[in-house]
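Asks: structure for this input, please:
(chains A and B)
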Amino acid sequence: MPVEAAPALLAVDGVTKHFAGVTALSDVALDIRAGEILGLLGENGAGKSTLLKILSGVMPPSSGRITFDGADYAPSSPQDAKRAGIVTIYQELSLIPTLTVAENIFIGRAPTGPLGLVSWKRMERDSRDIIARVGLSIDPMTPVSALSVAEQQLVEIARALSLKSRLIIMDEPTSALTETEVQRLLSIMDRLRRDKVAIMFVTHRLEEASAICDRMTVLRDGRLAGHLDRQGGPIQLPRIIEKMVGRAASELYARPAQRAVAGDVVLSVRALRTVRDPEAPHAIVLDGVDIDLKAGEILGVAGLVGSGRTELARAIFGADRIAAGTITLDGQPIAPASPADAIALGIGLVPEDRKHQAIFAALGILPNFSVASLGRFSNGFGFMAERRERDALSGFRKMLSIRMASAEQAIEGLSGGNQQKVILARWLARDPKVLIVDEPTRGVDVGAKAEVHQILVQLAARGIAVMMISSELPEVLAVSDRIVTMRRGRITGEMPGVEANEEKLMELMALDKQDTLGQDAQGRDAERQAR
Amino acid sequence: MSVTEQSERGGGINFARLLMSFGPLLFLAALVVVFTVLKPSFIDPINLFNITRQISITGLIALGMTFVILTAGIDLSVGSLLAFCGMVAAVVAKGGAANTLSLSTSGTQGYGWFAALLAAVIVGAAAGGVQGLAITRLKVPPFVVTLGGLTVFRGLTLTISNGGPISGFDASMRWFGTGLIGPVPVPAIIFAIAAILCHIVLRYTRYGRAVYAVGGNAEAARLSGLRVDRILVSVYVIVGFFAGLAAFVLSARLNSSEAVAGIGYELTVISAVVIGGTSLFGGIGSVGGTVVGAALIGVLQNGLQFNNVSSYTQSIVIGLILILAVAFDRWLKSRVRR
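Replies: Next up, the predicted model:
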């Protein structure tokens, strides 16, 4: 569409951002007009969040120019961005749960009466009008903690509107919503569009983006992959996927030669169900998952955020409670009630959030390494056998080429890749039968990523059954012998690693045949079959 | 610290690291020098041994509190628990709660010092265990549970003692509070042995590793297979045990168990641990630091008293030192990080 159609409300031009030698964004350009919904798409690490942080005033760009409403836009803080008229709604909502809806909407600017005291009556009446604009009919005096995530999100949008925001940026707003809630959100976005509000919709969900967006900007590896226009009909998914995947990304990871055939089934999961909260059993997280894991194979589990992939790992590992279903290990049914139980059975987990779930930041490398094997590294009286512990660590240091100065060094001082190797060593010290790795290369630089992949391949070659969860498709494709895809708590597909490609996986992860988003769903299906 | 690690860091940072390890110790040494200059008799061995006797009671509890604070917990009930355990010890030693100040009581109906000691530490450990269970099972924060414990144990003490003291123990029990081995007071020896044991447990055992891990990152500890709840309960058992031991020593020293004993001790004890460099957020700290922290408070109190500074002013000084010590620690850490 020609740019002259309407003046851009926000225009980003040549924006680049460097972090300590890494280029997160390189020469990115996009624009949004009033009354338009722009989709911002891209795989993990494509640079979407960096761009969001720049636009919302969290950090400045290294270079490039941004204009908003015709004037230069360089917010020094999120408050500054809000004052200018740009509000960002993050996945982690920023409402204060103990305060009421009205108080949250009017936080810092409560309407006052003649004596300078808060006028609760006016606040209540005004908030009722404001939340009606986003289709909410709740009592504004309800505490936010009593609302569902979807309702909280709408309250945030309402607050943004009451601030006279002209651009609302939504970061993955649908990832925690049910199908009905998604539909409601999309219709409210549509209503805002008619009110001439501009919306930047950052999402992984291609169908939703296709259903609502007027245009899309796709990022890949920190660069602009291209713009897509709604020419007459919705933007078709194959066009989006092609832009997101590109060619360069798949070349980054060289797939190792096909390995020897995997052995017997070690771990078998049947009809596994978990719920988010025992009080609300309809909030299903895993909805009947069947999975087999064989000795000596790497099983890749691909899925978007919220697809249940991490919950699957946690359920097997005894970290989350299981509602129904069975798990068998070496043919024996197991029911790990805690990670300690699962570990004793020979299962290990490298969790996705290294900083909060794996690392003891205050401690040195040695205690970080041996924490899961204190029994193996101590004598019968409970005293640590430090010689044995150190020898084991230095063995893994060589095997995994961990770059560290000494066993006493604080683990925080290591790079992300080396931290992750220490965590891998933590589990290898136990000789696990099953090793589950969740996002093994998150926060790991590119060179170390390949090393981590090599390590996983070596472990499988030693007969360990490896389950690798990742949202980076090139990574899944690079190391998996077999790949399953997940969506909404279910397995949606399975294929050998050699037969998989990004397009196939992306469709299985992002699309759900039962979903009918927009009237063109059937047309899309037909098109998919034609390809 | 190994040579390789030092070579990686700059010289100034090395200095900061050194200060971080030995800061409280240097400050302690400086205090001793200052007080000695002000009044040379401060350094007299009799006075120094007197200080060790003074710090041994709160010092013992501070050893247990180190375990608790290492797990990012807190125990506010220790002062009351000390009074309660002291009263239990007195009842057992005297064979009843009768408030009789009989000066030579050998041969009366009591059960002897050993039974009294045993009763004090068992009751202390059990009380700690109950609080630990309340923290882990009922998911009530340690601050709240032990704040409740603070009033509960005081109330229990007043109930069994009927408000008054129970006094007059036999000589074998009093020896634990007032006796000397050579020039060294017995309480100081008990404190020293306990400190060494605690140091060994925290530094060299599997259990010690688990305590640091739970305090450093409870979620990571759970995902590494540690039984986090059990470890949390155990540290409250340990601090309760030490409150019981300290109670026994205090009663022996005063030849009396007072219903009002130990009021405000929790603050002195926590101050000692924190001044000694243990982080209230857990995972960082050591027994050595706690011993130095306890000594620092003891030296300050004694030195100020020696120079006729009123106890009112003493409180002001100790409070300010506590804040400064933590501020200094923070500042050093920010230097080391950089």
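Asks: for the stretch 201-350 of chain A, which residue gets nearest to chain B?
Replies: Across the stretch 201-350 of chain A, the shortest distance to chain B (Cβ to the nearest Cβ) belongs to residue A:343, at 3.8 Å. No exception for glycine: its C-beta is placed from N, CA and C like everyone else's.
Asks: using the three-state scheme, assign that residue.
Replies: Following DSSP: H, G, I helix; E, B strand; the rest coil, residue A:343 is assigned to helix.
Asks: go on, the one 5 residues further on?
Replies: Secondary structure assignment for residue A:348 (three-state DSSP): strand.
Asks: what about the closest residue to the residue of the stretch 201-350 of chain A closest to chain B other than its chain neighbours, distance to residue A:61?
Replies: Excluding its sequence neighbours, the residue lying closest to residue A:343 (Cβ to Cβ, 6 or more residues apart in numbering or on different chains) is residue B:225, at 3.8 Å. Residue B:225 sits 45 Å away from residue A:61 when distances are taken as Cβ to Cβ, to the nearest Å.
Asks: and for residue B:245?
Replies: Here the distance between residue B:245 and residue A:61 works out to 62 Å (Cβ to Cβ).
Asks: for residue A:396, same thing?
Replies: For residue A:396, the distance to residue A:61 equals 41 Å [Cβ to Cβ].
Asks: okay, these two: which has more neighbours?
Replies: Residue environment comparison for residue A:396 versus residue A:61 gives the larger neighbour count to residue A:61, 21 against 18, counting by other Cβ atoms under 10 Å in any protein chain shown.
Asks: phi, psi of that one?
Replies: Per-residue torsions, residue A:61: phi -70, psi 160 (degrees, to the nearest 10).
Asks: surely it touches residue A:18?
Replies: No - here residue A:61 lies out of contact with residue A:18, judged by Cβ atoms under 8 Å, at a distance of 9.5 Å.
Asks: can you pull out the helices in the stretch 1-150 of chain B?
Replies: When assigned using DSSP state H, counting those that start in this stretch, the helices of the stretch 1-150 of chain B occupy the ranges B:3-8, B:11-38, B:45-70, B:78-94, B:112-137, B:142-161.
Asks: nearest to residue B:171, of those?
Replies: The stretch from the helices of the stretch 1-150 of chain B with the least distance to residue B:171 (Cβ to Cβ) is helix B:112-137; that distance is 9.5 Å.
Asks: can you give me the buried ones in that closest one?
Replies: The neighbour-count check on helix B:112-137 (16 or more other Cβ atoms under 10 Å in any protein chain shown) flags B:112-113, B:116-121, B:123-125, B:127-136 as buried.
Asks: now that helix against helix B:45-70, angle please.
Replies: 30 degrees (axes from the mean of the first three to the mean of the last three Cα atoms, to 10 degrees).
Asks: I'd like the average pLDDT over helix B:112-137.
Replies: When pLDDT is averaged along helix B:112-137, the result is 96.
Asks: can you classify the residue most central in space within chain A as helix, strand or coil?
Replies: The central residue of chain A, meaning the one whose C-alpha is nearest the mean C-alpha position (Cα atoms, centre = their mean), is residue A:305 at 4.3 Å. The local conformation at residue A:305, judged by three-state DSSP, is coil.
Asks: got a list of what the closest residue to chain A within the stretch 51-200 of chain B touches?
Replies: In the stretch 51-200 of chain B, the residue found nearest to chain A is residue B:200; the distance is 8.5 Å by Cβ to the nearest Cβ. Applying Cβ atoms under 8 Å, 6 or more residues apart in numbering or on different chains to residue B:200 gives no contacts.
Asks: quickly find the element holding it.
Replies: Residue B:200 is part of helix B:186-204 when elements are defined by DSSP states H and E.
Asks: okay, now the unreliable bits of chain B?
Replies: With pLDDT under 70 as the threshold, chain B has low-confidence stretches at B:1-21, B:97-109, B:333, B:335-338.
Asks: now do the contacts for the residue nearest to the spatial centre of it.
Replies: Against the mean C-alpha coordinate of chain B, by Cα atoms, centre = their mean, the closest residue is residue B:62 at 1.8 Å. For residue B:62, the set of contacting residues under the criterion of Cβ under 8 Å, 6+ apart consists of B:269, B:272-273, B:276, B:290, B:293-294.
Asks: ok, and the closest non-adjacent residue to it?
Replies: residue B:272 (4.3 Å).
Asks: what about that neighbour, neighbour count?
Replies: The burial count assigned to residue B:272 is 29, neighbours taken as other Cβ under 10 Å.
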